[in-house]
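Novice: Next come a sequence and a model predicted from it.
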Amino acid sequence: MASIAELPLLMIVTDRAIVPEEEVFARLERAPAPVLVQLRDKRDSWIERFAFGRRLLAARGRHILVVNGDLNLALELGTHALHLPARRWLEVTDARTALGPSSCITVACHEPSEVMRAAQLGADAALLSPIFPSPGKGPPLGLAALELARKEIDQHGLSCRLIALGGVDGSNASDCLRAGAHGVAALRADLGPWLAAQAPDAHARR
């Protein structure tokens, strides 16, 4: 597992009802640098998610597989990264105990104060969403929410990566970084071309 400072700039979130499986692998194949891959696919059965996870783990490149919300699935797959849905922050410690001290625990947040709570409890990364309009995700928070969350993280000296999610695409991903995000996440948008355009030092934590 990479250290927090070495976590990739981009996270790809999977939902095969929206982006077909083969397109996910095509995006991974085209990615110019390692990415975080969040195995979401909530409508699939456990067996289907396990099979998809095995295939993701075998994908070319040093990608990091993050399992959404299912600690047992993460353990069965042998990955050391777990994403916790909103307000499950208290599970950060338990998840790290189960997955190991070098594991990566990410948390879903929907306002800057939740980012602070997750960071204080030891989350390695907080996904703040929705930054921009996104289907079914409610009113967008805007770039100001990223600015506020990053300011709070830095002022308190917390080691937590801030990831922008929700409506992020190639036209606004760089705006998220300028507002304070350490990285971006997307489900629908293919951010491979945007990632390729970033300077090599941008792939390290800002």
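Specialist: Looks like it arrived, so ask away.

Novice: In this protein, where is pLDDT below threshold?
Specialist: By pLDDT under 70, the weakly predicted segments of the chain are 1-5, 199-206.

Novice: Now do the strands in it.
Specialist: Secondary structure of the chain by DSSP state E: the strands cover 10-13, 36-39, 64-68, 81-84, 104-109, 125-128, 161-164, 183-186.

Novice: Could you dump those strands into TSV and include mean neighbour count and distance to Val19?
Specialist: (Each C-beta comes from the backbone N, C-alpha and C, glycine too.) Compiled in TSV, the strands of the chain are given as follows (neighbours: other C-beta atoms under 10 Å; distance: least, C-beta to C-beta, whole Å):
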stretch	mean neighbour count	distance to Val19
strand 10-13	25	9
strand 36-39	26	12
strand 64-68	23	15
strand 81-84	25	17
strand 104-109	26	19
strand 125-128	28	18
strand 161-164	27	18
strand 183-186	26	10
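
Novice: May I see these organised as CSV, with distance to Lys137 added?
Specialist: Below are the strands of the chain laid out as CSV (distance: least, C-beta to C-beta, whole Å):
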stretch, distance to Lys137
strand 10-13, 12
strand 36-39, 15
strand 64-68, 16
strand 81-84, 16
strand 104-109, 11
strand 125-128, 12
strand 161-164, 13
strand 183-186, 13
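
Novice: Sketch out the helices for the protein, chain order is fine.
Specialist: For the chain, the helices defined by DSSP state H occupy 21-30, 46-57, 71-77, 92-99, 112-120, 143-155, 173-179, 192-197.

Novice: Would you tell me which of those gets closest to Ala164?
Specialist: Nearest to Ala164 among the helices of the chain is helix 173-179; the distance by C-beta to C-beta comes to 3.8 Å.

Novice: Any buried residues in that closest one, and which?
Specialist: 173, 175-177, 179 (16 or more other C-beta atoms under 10 Å).

Novice: Run through who's touching it.
Specialist: Applying C-beta atoms under 8 Å, 6 or more residues apart in numbering, the external contacts of helix 173-179 come out as 131, 143-144, 146-147, 150, 164, 168, 183-184, 186, 191, 194, 202, 206.
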